[in-house]
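Asker: Fold the stuff below for me.
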Amino acid sequence: MALQIGEVLNNRYRIAALLGQGGMGAVYRAWDVNLKMAVAVKENADASADAQRQFEREATLLAHLSHPNLPRVTDHFTLPGAGQYLVMDYEGGEDGEPMGARLGARREERAVFWVSRVGDALAYLHRQDPPVIHRDIKPANIRIARDGRAMLVDFGISKLFEPGGRTTVGARAVTPGYSPPEQYGDAATDARSDTYALGATLYHLLTG
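Answerer: Reported below is the predicted structural model:
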């Protein structure tokens, strides 16, 4: 259900603003009344078993990662009759889509800088044991923080790599123009799938 501005979630997070909303949930800026700091609260409003498992997987993956270009998860909980919630650092800024549209004369310099930082984050993910595959690299999932860092976000369809594994139906959330060919069917996805999508993202940022 939609959260109201001023509402205190889980006796801790005071909702301050709606940052984005989609068919399966929303992301809010909130104030952590315990730690006295701004946070981002991601809500999963889809009660289906697949959606809940996917959302919990995202929380578990991020909670065990530490990299300057990845968000840090600080809390995860479920409220009966409401939804699932993931709390992470609030970085501010805006995502790569509108920023890409205003690169101007520095388009090449900024695009290469952002994508190289995301590449560092992907290399870190792929070095995990087992490797973590993001599977949804695109400009809208690169958030530019106020300090200029490019943050790779939205791990909703990421997976732990299993040799010989196939792409499940719930993870075929392809983004036309960015997703690699194997993700449109039931072929296996691996680190190369992320590399393809990152290259497509760089192409978009450079050419518009």
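Asker: contacts, neighbours, all on C-alpha from now
Answerer: Fine.
Asker: so residue 75 sits in a strand?
Answerer: Yes. Counting by DSSP: H, G, I helix; E, B strand; the rest coil, residue 75 is part of a strand.
Asker: List the beta-bridge partners for it.
Answerer: Beta-bridge pairing for residue 75 (DSSP bridges): residue 87.
Asker: from what I can see it touches residue 88, true?
Answerer: Yes. The criterion here is Cα atoms under 8 Å, and residue 75 meets it with residue 88 at 7.0 Å.
Asker: These two: which is more packed in?
Answerer: residue 88 (21 against 12; other Cα atoms under 10 Å).
Asker: residues touching the more buried one, list them.
Answerer: 39-41, 71-75 (Cα atoms under 8 Å, 6 or more residues apart in numbering).
Asker: same thing with residue 196?
Answerer: Applying Cα under 8 Å, 6+ apart, the residues near residue 196 are 178-180.
Asker: for it, phi and psi?
Answerer: Main-chain dihedrals, residue 196, degrees, to the nearest 10: phi -60, psi -50.
Asker: pull the longest helix from the protein.
Answerer: The helix that spans the most residues within the chain, counting by DSSP state H, is helix 107-126.
Asker: helices or strands next to that helix in the packing?
Answerer: Counting contacts by 3 or more Cα pairs under 8 Å, 6 or more residues apart in numbering; DSSP states H and E, helix 107-126 packs against strand 132-133, strand 150-152, helix 191-207.
Asker: With distance to residue 113 added, can I get the ones you listed in JSON lines?
Answerer: Putting the helices and strands packed on helix 107-126 into JSON lines (distance: least, Cα to Cα, whole Å) gives the following:
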{"stretch": "strand 132-133", "distance to residue 113": "22"}
{"stretch": "strand 150-152", "distance to residue 113": "9"}
{"stretch": "helix 191-207", "distance to residue 113": "10"}
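Asker: among the ones you listed, which is the most enclosed?
Answerer: Mean neighbour count (mean count of other Cα atoms under 10 Å) peaks for strand 150-152 among those, with a mean of 27.
Asker: lowest average confidence, helix or strand, in this protein?
Answerer: strand 159-160 (a mean of 58; mean pLDDT, DSSP states H and E).
Asker: picking up where we left off before, okay, the contacts of residue 88 in TSV with pLDDT and distance to residue 81 next?
Answerer: Below are these laid out as TSV (pLDDT from 0 to 100; distance: Cα to Cα, whole Å):
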residue	pLDDT	distance to residue 81
39	93	23
40	90	21
41	93	17
71	85	27
72	86	27
73	87	23
74	90	22
75	94	19
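Asker: If any of the residues you listed are buried, put those into a PyMOL selection.
Answerer: Provided next is the PyMOL selection string for whichever of the contacts of residue 88 are buried by 16 or more other Cα atoms under 10 Å:
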select buried, resi 39+40+41+71+72+73
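Asker: For residue 106, state which of the contacts of residue 88 is nearest.
Answerer: Set against residue 106, the nearest of those by Cα to Cα is residue 71 (26.1 Å).
Asker: list the contacts for the closest one?
Answerer: For residue 71, the contact set (Cα under 8 Å, 6+ apart) comprises 62, 88-89, 151-153.
Asker: can you tell me which residue is nearest the centre of the protein?
Answerer: residue 154 (1.4 Å; Cα atoms, centre = their mean).
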